[in-house]
Every structure is written in structure tokens, then in C-alpha cells.
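In: take this sequence and fold it.
(2 chains)
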Amino acid sequence: MEVGVMKMVNKEKLGLKETELRLGLPGTDEEIMAKNLIMNSNGKRGYKETVDLKLNFSDMDRTDDRKEKNLHKEKTPAKAQVVGWPPVRSFRKNIMEVQKNGSEETTDKTGMGGAAFVKVSMDGAPYLRKVDLKMYTTYQELFDALGKMFSSFTIGMMDFMNESKLIDLLNDSDYVPTYEDKDGDWMLVGDVPWKMFVESCKRLRIMKGTEAIGLAPRAMEKCKNRS
Amino acid sequence: MAYSFPEEVLEYVFAFLSSHKDRNAVSLVCKSWYEIERWCRRRIFIGNCYAVSPQIVIRRFPEVRAVKIKGKPHFADFNLVPEGWGAYVYPWISAMVRSYPWLEEIKLKRMVVTDESLELLSKSFKNFKVLVLSSCEGFTTDGLASIAANCRNLRELDLRECEVEDLSGHWLSHFPDNFTSLVSLNMSCLGSEVSFSALERLVSRCPNLRTLRLNRAVPVEKLPNLLRRAPQLVEFGTGAYSAENQTDIFSNLVEAFSGCKHLKSLSGFWDVDPAYLPAMYYACTGITSLNLSNATVQSPDLVELIIQCPNLKCLWVLDYIEDAGLKALPSYCKDLQELRVFPSDPYGAEPNVSLTEQGLVTVSAGCPKLQSVLYFCRQMSNAALITIARNRPNLIRFRLCIIDPQAPDYLTLEPLDTGFGAIVEHCKELLRLSMSGLLTDRVFEYIGTHAKKLEMLSIAFAGDSDLGLHNVLSGCESLRKLEIMDCPFGDKALLANAAKLETMRSLWMSSCSVRRCPSSNVEVMDERGHPDSRPETCPVEKLYIYRTVAGPRVDKPNFVWTMDEDAVLRLS
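Out: The predicted structure is shown next:
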């Protein structure tokens, strides 16, 4: 059916009536905008073909939410991140860090700024993430962030497998967070003081419990409890 | 025909055409011109590596000497494209190795380059001269060692903002002792220390060296020796620009810089100690480009340096310059053409510097040649934008990032629609626009109506409905690249403008409301599984649409689905 509609559009490229976008649901703003559009289009040839667009506000809720947000705007807390915003490249992100740390040597691999970006992989997840360890001050903050990052994956897995229980990623012994340190050894996350961890961590891997056997007694114990 | 020119004459004439657009136009005139042109084209630009295949390129243009290829979409710079998405250069290099043995130049942007690719290219192209890697990743310093060791005729090695796995600085020592052809070396994105003596010897024996951009690990003490060996330098990037208790460093620097009478561009400036900045003043009269975006130095010293450069055309600086510093530009740097102000603390809740819209307004008023702007700030008003637009109708690039998403006009609390509307209305030659702040569908009306030359548009957290996107797609005649994040745009505008998508290089939409889309090549990135595995009302995570003659990708990772199976619109 979807295909059928698209093919119709194909035959009449300017047959926009087929798309029938509707405008003008209750709410004065939309009506005013609709009027303006029609008024503006009179002199503009480009719009003649596209006039009569009536937009269907199926996502009206979202628009309302945005208006709510604007009226009662609260300052977003520092470092509450939307991925990709603000559009600053990784190596520029921690200039301030560098300033604060003064003469502290940054051992950042790329030599650009004080960021500590490391790759994070989770066994079974289709792709890697990157986190900046300098954004967190405790292990719990890191775990919370990782949990959020990979939660969409686990939710996806739930759909596939029709699992009803939530997998609490890092507090559950199904997954064990590990990291590769400067010497190339894989260690369990959490054993060293936070600052030391940030300086020595090269990459993170959230392993399935069974894979972590041999890493440390704690990991082995976890796996035993699982089975 | 009796009166047509012989081929050789046409070829000779075509050689004067350097622009790709002109070359493409010429090739469409008639079949014989197409044939002549394709045999004599030496430079190729591929704006999207997936729009065409190496085989198609090679078949059409058999005698290419220089290739420029772009890979990932722009938003990859901000971590929006997952790892493993693609843009591998290896298939290109391996195809070109077979067909273009005399290839001289490779310039890549946002591509994944492996050590294997670098080694292959270094050993296969005997006359290889220029390697420029811009925002690339996937290689290590071992790959650089291959280039250094094997490319006997290398002129340029330019690594711009690449992510290189830095195994050691030893790669630099692989340039042979009889290697003297270097003209440009940019290693600013590398971390580890190279052998200073190897660097000095390299600089000494390359008399044509014009560009030298060092990395942070080169301390300021080493600069005088290097500069003395290369007084002909035109572009220079320092390393870390501070030292401890070195009393003669300053005088050595002064002497070295004053010996460089041809410097036009300065960059680097990590870890700046303001006391050392005046050492450069003698070199500043000729400076046209100054990149201080790594310099965490505060205003009086910062501005002092900038105002030493009366011929400045391009300034990249952190927001430590503040409004007060920007006010100095019209008096001292009247020829300024490009200004980029980067945020020193983009994630801080409160402003850490006194940089507002006023700084940009004063520069727009007093620098008549200003045409390219990238500005990060925390407040903006419609009045300011309207003033800027009226002051500078010659703007061609305007990228404004108000750090707080959906921040309204701070004076009136209204959306910034009229402000940006004024920009597109007055700046008739505008090629690139990035918007931010609170924006409704109205701004897209203005854009669709006025921005007829606009080629690239970036939008985030803007608009109310599909009408916004529709206005852009139907009104912006020159649009080639559109990138959108977190806007309430869905399928309707895309469906209504499917033909438009064929005229564009690419469209990126992430965190929008798109479910289905018809086009020649649609990639959906979704970690949660195939889009069909979720209810129809569930929007996709990321959508990347681009035109292509190469068919569906063969190197897709498992989180990318192409939608060009039965749902595709085939436009004749």
C-alpha cells in the first residue's frame, strides 16, 4: 500500500494533492501560519504548485511539548548532553579542562586538548560508542552514562527476544565492565581510584560475564553465581 | 564537421578549465567533447564516496592524476555517525593502483584510511606527491612511516585534525637522507614526540619547504633552530608555546621570527605563555591567517597579538577574545574576511567569558570584507541578526551556534525567525547557513523564499512541522547538502519533494520523525534492528539519503539498512 502511494506520486511529480498535507488544526499559531503561507504564495511562482499544503498535525503533542518548554524554560544542567550538541569537535571539547589543570601533563594520545575519549564496546552491541572520561567524577556516573548509552540496544534485544525483565546492565552480573590499560592489560573497572583509572584507561569493553573468566576472582565468582 | 577544431586544440583549451563544474558542463556539449574531455581530465572531485564506484570513475576518466574524495557526512564530526559506518578508502586505492600508476595527489576528507592503504599507495604510485588527510581516521604512525620511507617525490603530507593512533614519533625518521622535495608538512594532530634532530635535518635539507605545522610535543625551545633553517616558510604552526625559566628563549625567538620575512599564516599555540607572544610581533605584518583556536590565553595579551596583523584576512580564535577584543578588529584588521570564534567551555552552565552577540555586530559593522562567519555564543537577538544582515549583505557563510538549544531572542523572548530571515533576505549570495536558537516553521518560509543560492543548510532543534522542511526543499533551488538533527520533521515533506532529493548530494536526518522515505539511496541507521521490526509509528534513529549511480553499498555494517528495495522511487 505504501508502495502504491509512492508510485502515484512518481507519475505526477507535481501532483501534490496526493500527499494531502493538512494544516489548520486548533491553535491560533497554525492558522495564522497557514494564512500567511497562502498570502505569500500569491506572488511567488514557486509556491503556486505547492499551495494547498495542509499539514496533518499527527505530531501535535510534540509541538505542544516544545511550547511548554519554551514557556517554562529551565537551565539545563551542565554536561547533560545531547549527542552532537553543541556541534564542537572532540579535540576542542576540553579546552577549559586544560586551562583548569594548568601545567598538568595531559597524556592524551592525540595531543589535542585535555579530553579523555575512549572507545566503549559492549559484547553483542552492533556498534561502538565513545565516552569522554573527563566528564565524570565517579564510577557510578560513568556506569549511569554507559547504561543509558547502551539501553537502546538492550531494549531492542528485549523486543527481539520478548523478554519482560529489564536487564540492569552494569549492576547485574550478566555484564562485566572491563578496560584496557596503558600496558595493554585487561582489567576490571572499579579496582583503582577513579583518577588513576581515567589516566590509564585506553578503552572500555563491557564483557559478557562468561568472557570475563580469568580476569579476576571477582569476575569468576560472578559467573559462577550466574550458572 | 568542417569547421570544428582539431582535438588537440580543444584539449589545449580545456586545460584552462580548472573548475569541476566547468569541466562537467563542457563534457555535456556533445559526444566528441565528452570523449575529448574525459581523456584529458586530470583532477577528479568526488563529494560522496558512495555516489559513484571506483570502477565507474576509472572507466570514464582513464588519465587522472589527482583525486579528492569525501566520505562521511559532516555530522560525523560531532559523533553522530557510529563507528564502522563506512567510507573506507582502501577499495579506491586498490582500484587506482591498477589503473592510475601515475597518480600524484590524494586528498581525503572524513574517510577511514588504514595503514594497509597507506603502505599500498606509498609503494604503488611512483610519482606520488601530495597526501592531504582531513578529519580521517583508522591509521597509525606506522602508515605514516611507509609514506615517509617510500614516497621519494613527496611534496605534501598534510594531516588535518585526523585521529591517528600514535605508536611513536619514529615515523618522521623514515624520510631518507636524500629526500629533499618536501614543501608542506602538517603533523599538528599527532601526539607523540618526533626526533628533533631528524626534524631539524629534514627541514634543513628541504629548501622548498613552505608549510610546517608542528605538533604540541615540540617545545618552544626548539623553534628558533627550526625557523633559522627555514626562513622561507610561509605557513608555520608552533607546538606548545611555553617554557620554564629560559631567559634566552625569548630573544632567540625574536631573532628567529624576524628572520622569517615571508610568513603569512600562524597556528598551533597550545599551552600559551603570554610572555612569549610578543616574540612573534616582527613576523606579524605579513600575516593573513591566524589560528589561535588552541590558545587559552586571555584578552589583553590575545588582542595585543591580533592587532599586530594589519593584513589579517582569516582569524580563528577562542571566545576569550570577548566582545572587547572583537571591537578592536575593525580598527586594526580592516581586511578581515573570515572569523571563527570557538567556545572555550561549551558545556558550562554559565558563561565563562563576556562574549555576546555584540562582538559579532561590531565586526560586521566595521569589517567590510567579512564574508565567512562561525560564531559560538550564548545569547542572540533578532535585532542583532537584522543589523548584521544589513551591515554585511556580502556574507557567503554564516554559521551561528547559540549554545543553549532553542534559546529565544534574549531581549524579547521571541523566536529568532525574523533575525535569520533577515540574513537570508539581505545576503543574497549566501552559500552556507547553520542556525540555532528558538526557531519555528516561519524561518523556513523565509529560507525557502530567499535563500536561492544556498548550498548547505544545518538545522537543529528547529521548526514545528513538516511544513518547515517542505519550504526548504521546495524553495532552495541550489541546495546540495541538508543536515538536520532533532527536528519534528517526518515523512510528508520528504514524500512531497522526492524529486528534489535527486538534485542534492545528501540529506541527513537524525532524531527526527521520519518513518518511511522514498529515494535513490536511503540508509537507515538503527541500533535497535531493522526498521520493519518495530511498529510503523516508530521513527528511525538516523536517516542518510544520497544520490548515487553505484547502486546499494556492499560494505554496510549491520546497523545500516538501505531502503532501496521495493519501496524506492525510481525517477526517470
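In: which residues touch the residue lying closest to residue B:150 once chain neighbours are set aside?
Out: Of all residues not flanking residue B:150 in the chain, residue B:122 sits nearest, at 3.8 Å (C-beta to C-beta, 6 or more residues apart in numbering or on different chains). In short, each C-beta sits where N, CA and C put it, glycine included. Shown in contact with residue B:122 (C-beta atoms under 8 Å, 6 or more residues apart in numbering or on different chains): B:128, B:146, B:147, B:149, B:150, B:151.
In: tell me who's in contact with the second one.
Out: Taking C-beta under 8 Å, 6+ apart as the criterion, residue B:146 is in contact with B:115, B:118, B:119, B:122, B:123, B:174.
In: just the closest residue of the stretch 101-250 of chain B to chain A, please.
Out: Nearest residue of the stretch 101-250 of chain B to chain A: residue B:191, at 3.3 Å (C-beta to the nearest C-beta).
In: my guess is that residue meets residue B:218, correct?
Out: No. With contact defined as C-beta atoms under 8 Å, residue B:191 does not count as touching residue B:218 (11.6 Å).
In: who's more crowded, these two?
Out: Neighbour tally, residue B:191 and residue B:218, criterion other C-beta atoms under 10 Å in any protein chain shown: the higher count belongs to residue B:218, 23 against 19.
In: the more buried one contacts residue B:241, doesn't it?
Out: No. The criterion here is C-beta under 8 Å, and residue B:218 misses it with residue B:241 at 10.1 Å.
In: where along the stretch 301-450 of chain B do the helices fall?
Out: Counting by DSSP state H, counting those that start in this stretch, the stretch 301-450 of chain B has helices at residues B:322-332, B:357-366, B:382-391, B:417-426, B:441-450.
In: okay, angle between the first one and helix B:357-366 too, please.
Out: Relative orientation of helix B:322-332 versus helix B:357-366 (axes from the mean of the first three to the mean of the last three C-alpha atoms, to 10 degrees): 10 degrees.
In: list the buried ones in helix B:322-332?
Out: Using 16 or more other C-beta atoms under 10 Å in any protein chain shown as the test for burial, helix B:322-332 gives B:322, B:323, B:325, B:326, B:327, B:328, B:329, B:330.
In: which residue sits closest to the third one, ignoring its sequence neighbours?
Out: Once flanking residues are discounted, residue B:325 sits nearest to residue B:303: 4.3 Å by C-beta to C-beta, 6+ apart.
In: give me the distance between the one you found and chain A.
Out: 18 Å (C-beta to the nearest C-beta, to the nearest Å).
In: my read: that residue touches residue B:320, true?
Out: No. Between residue B:303 and residue B:320 there is no contact under C-beta under 8 Å: 9.5 Å.
In: and residue A:118, that one's in a helix?
Out: No. Secondary structure of residue A:118 (DSSP: H, G, I helix; E, B strand; the rest coil): strand, not part of a helix.
In: now do the same contact list for it.
Out: So residue A:118 contacts A:130, A:131, A:133, A:179, A:201, A:202, A:203, A:204 (C-beta under 8 Å, 6+ apart).
In: hmm, residue A:201 and the second one touching each other?
Out: In other words, residue A:131. No. Residue A:131 is beyond contact range of residue A:201, at 9.9 Å (criterion: C-beta under 8 Å).
In: so how many other residues sit close to the closest residue to chain A within the stretch 401-550 of chain B?
Out: Relative to chain A, the nearest point of the stretch 401-550 of chain B is residue B:528 (3.4 Å; C-beta to the nearest C-beta). Using other C-beta under 10 Å, residue B:528 has 21 other residues around it.
In: can you check residue B:59 too?
Out: 11.
In: that one falls within a strand, correct?
Out: No. Counting by three-state DSSP, residue B:59 falls outside a strand, being helix.
In: returning to what we had before: SS state for the residue of the stretch 401-550 of chain B closest to chain A?
Out: coil.
In: how much space separates it from residue B:544?
Out: Residue B:528 sits at a distance of 17 Å from residue B:544 (criterion: C-beta to C-beta, to the nearest Å).
In: and what of residue A:175?
Out: From residue A:175 to residue B:544 the distance is 30 Å (C-beta to C-beta).
In: how about the residues of the stretch 151-300 of chain B by chain A?
Out: Taking C-beta under 8 Å from any C-beta of the partner chain, the part of the stretch 151-300 of chain B that reaches chain A is made up of B:161, B:163-166, B:189-192, B:215-217, B:271, B:293-294, B:296.
In: same thing but at 10 Å, please
Out: B:161-167, B:187-193, B:215-217, B:239-240, B:242, B:244, B:270-271, B:293-298 (C-beta under 10 Å from any C-beta of the partner chain).
In: give me phi/psi at residue B:233?
Out: phi -60, psi 140 (degrees, to the nearest 10).
In: farthest pair within the contacts of residue A:118?
Out: Based on C-beta to C-beta, the longest span within the contacts of residue A:118 runs between A:130 and A:179 and measures 13.8 Å.
In: so which of the two has more stuff around it?
Out: Using other C-beta under 10 Å, the more surrounded residue of residue A:130 and residue A:179 is residue A:179, with 23 against 16.
In: partner strands of the host helix or strand of the more buried one, with direction?
Out: Element membership for residue A:179, per DSSP states H and E: strand A:175-180. Strand pairing for strand A:175-180, using DSSP bridges, gives strand A:186-188 (antiparallel), strand A:203-208 (antiparallel).
In: the lengthiest helix in chain B - contacts with which helices or strands?
Out: In chain B, with assignment by DSSP state H, the single longest helix is helix B:247-259. Contacts defined by 3 or more C-beta pairs under 10 Å, 6 or more residues apart in numbering or on different chains; DSSP states H and E place helix B:247-259 against helix B:223-229.
In: any idea how far the helix it packs on is from the middle of the chain?
Out: 30 Å (C-alpha atoms, centre = their mean, to the nearest Å).
In: name the nearest residue to residue B:327, ignoring sequence neighbours.
Out: In space, residue B:327 is closest to residue B:362, 5.0 Å off (C-beta to C-beta, 6+ apart).
In: repeat that for residue B:263.
Out: In space, and not counting its chain neighbours, residue B:263 is closest to residue B:283: 4.7 Å by C-beta to C-beta, 6+ apart.
In: do residue B:87 as well
Out: Using C-beta to C-beta, 6+ apart, the nearest residue to residue B:87 is residue B:71, at 2.8 Å.
In: pretty sure that neighbour sits against residue B:136.
Out: Yes. The pair residue B:71 / residue B:136 is scored as a contact, 8.1 Å apart, by C-beta atoms under 10 Å.
In: overlap in contacts, these two.
Out: B:87, B:89, B:108, B:109, B:110, B:111, B:112, B:113 (C-beta atoms under 10 Å, 6 or more residues apart in numbering or on different chains).
In: would you map the helices across the stretch 151-300 of chain B?
Out: Using DSSP H, counting those that start in this stretch, helices in the stretch 151-300 of chain B cover B:196-205, B:223-229, B:247-259, B:299-306.
In: got any ranges where chain A has weak pLDDT?
Out: A:1-81, A:94-115, A:127, A:151-174, A:209-227 (pLDDT under 70).
In: try it again with 90
Out: A:1-84, A:90-227 (pLDDT under 90).
In: for the stretch 151-300 of chain B, same thing?
Out: Those would be B:166-169, B:191-192, B:242-249, B:282, B:299, if you go by pLDDT under 90 across the stretch 151-300 of chain B.
In: give the buried residues for the strand holding residue A:179.
Out: A:175, A:176, A:177, A:178, A:179, A:180.
In: mind listing what the last one touches?
Out: Going by C-beta under 10 Å, 6+ apart, residue A:180 touches A:118, A:119, A:186, A:187, A:200, A:201, A:202, A:203, A:204, A:205.
In: if we go to 7 Å?
Out: Residue A:180 sits next to A:186, A:202, A:203 when contact means C-beta atoms under 7 Å, 6 or more residues apart in numbering or on different chains.
In: and the first one, how close does it get to residue A:198?
Out: Taken as C-beta to C-beta, the spacing of residue A:186 relative to residue A:198 amounts to 17 Å.
In: again, but for residue B:454
Out: For residue B:454 relative to residue A:198 (C-beta to C-beta), the value is 43 Å.
In: cheers, nothing more for now.
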